[in-house]
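Student: take this sequence and fold it.
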Amino acid sequence: MTRHREVENWLRAALYDWETAQDMFRAGRFPYTVFFCHLAIEKALKARIHKITGKTPPKSHDLILLLRLANLSPPSDIRDFIGKLSGASTATRYPADLQEILKTYTREAVQEYLRKTKETLRWIENHVRS
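Tutor: Model prediction:
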């Protein structure tokens, strides 16, 4: 597969996960919404990493590491959101207390995750396509 095709594949996967996050939100599965928001951002960052290095990105879920490897300097609100989402992923991936997770990730809280994920995806995609 050519570099361009591999980068596009990462972006398509990111957008697919973004759509899945929205589906999970409509289904009321809020922790999974956050989980898929994380996956979407992760794959978008991996598209950027692949574009600039020509190599397969590392098998890491650490969004802060991936942001650094992507050689991106986002505005502070996006950087802060990526940090928040990276931390949230551990709780949704490995829930110690499901009831506590369900209390934390309310409809209103998760709507904000969706809004910021959409904004962040657009920002990363612009840097992949430029």
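
Student: only the buried residues of the lowest-mean-pLDDT helix or strand in the chain, if you could.
Tutor: Here the helix or strand of the chain ranked lowest by mean pLDDT, DSSP states H and E is helix 98-104, holding a mean of 85. With burial defined by 16 or more other Cβ atoms under 10 Å, the residues of helix 98-104 counted as buried are 101, 104. Yep, even glycine has a C-beta here, placed from its N, CA and C like the rest.

Student: now the helix or strand that that helix is followed by: average pLDDT?
Tutor: Later in the chain than helix 98-104, the nearest helix or strand by DSSP states H and E is helix 107-129. Helix 107-129 shows a mean pLDDT of 97.

Student: quick check: buried residues in helix 107-129?
Tutor: Those would be 110, 113-114, 116-117, 120-121, 124-125, 127-128, for helix 107-129 by 16+ other Cβ under 10 Å.

Student: please, which helix or strand holds the residue nearest to the spatial centre of the chain?
Tutor: Nearest to the centroid of the C-alpha atoms of the chain, with distances taken as Cα atoms, centre = their mean, sits residue 41, at 2.1 Å. Secondary-structure element containing residue 41, defined by DSSP H and E: helix 30-53.

Student: pull the CA atoms of that helix into PDB?
Tutor: C-alpha atoms of helix 30-53 as PDB (Å, rounded to 0.1, in the frame of the first residue of the first chain):
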ATOM      1  CA  PHE A  30     -22.100   7.200  27.100                       C
ATOM      2  CA  PRO A  31     -18.900   5.500  28.300                       C
ATOM      3  CA  TYR A  32     -18.600   3.900  24.900                       C
ATOM      4  CA  THR A  33     -19.200   7.300  23.200                       C
ATOM      5  CA  VAL A  34     -16.100   8.600  25.000                       C
ATOM      6  CA  PHE A  35     -14.200   5.400  24.200                       C
ATOM      7  CA  PHE A  36     -14.900   5.900  20.400                       C
ATOM      8  CA  CYS A  37     -14.100   9.600  20.600                       C
ATOM      9  CA  HIS A  38     -10.700   8.500  21.900                       C
ATOM     10  CA  LEU A  39     -10.200   6.000  19.100                       C
ATOM     11  CA  ALA A  40     -11.200   8.600  16.500                       C
ATOM     12  CA  ILE A  41      -8.600  11.100  17.700                       C
ATOM     13  CA  GLU A  42      -6.000   8.300  18.100                       C
ATOM     14  CA  LYS A  43      -6.400   7.200  14.500                       C
ATOM     15  CA  ALA A  44      -6.400  10.700  13.100                       C
ATOM     16  CA  LEU A  45      -3.100  11.400  15.000                       C
ATOM     17  CA  LYS A  46      -1.700   8.100  13.500                       C
ATOM     18  CA  ALA A  47      -2.700   9.300  10.000                       C
ATOM     19  CA  ARG A  48      -0.600  12.400  10.600                       C
ATOM     20  CA  ILE A  49       2.300  10.400  12.100                       C
ATOM     21  CA  HIS A  50       2.300   8.100   9.000                       C
ATOM     22  CA  LYS A  51       2.200  11.100   6.700                       C
ATOM     23  CA  ILE A  52       5.200  12.800   8.200                       C
ATOM     24  CA  THR A  53       7.300   9.600   8.900                       C
END
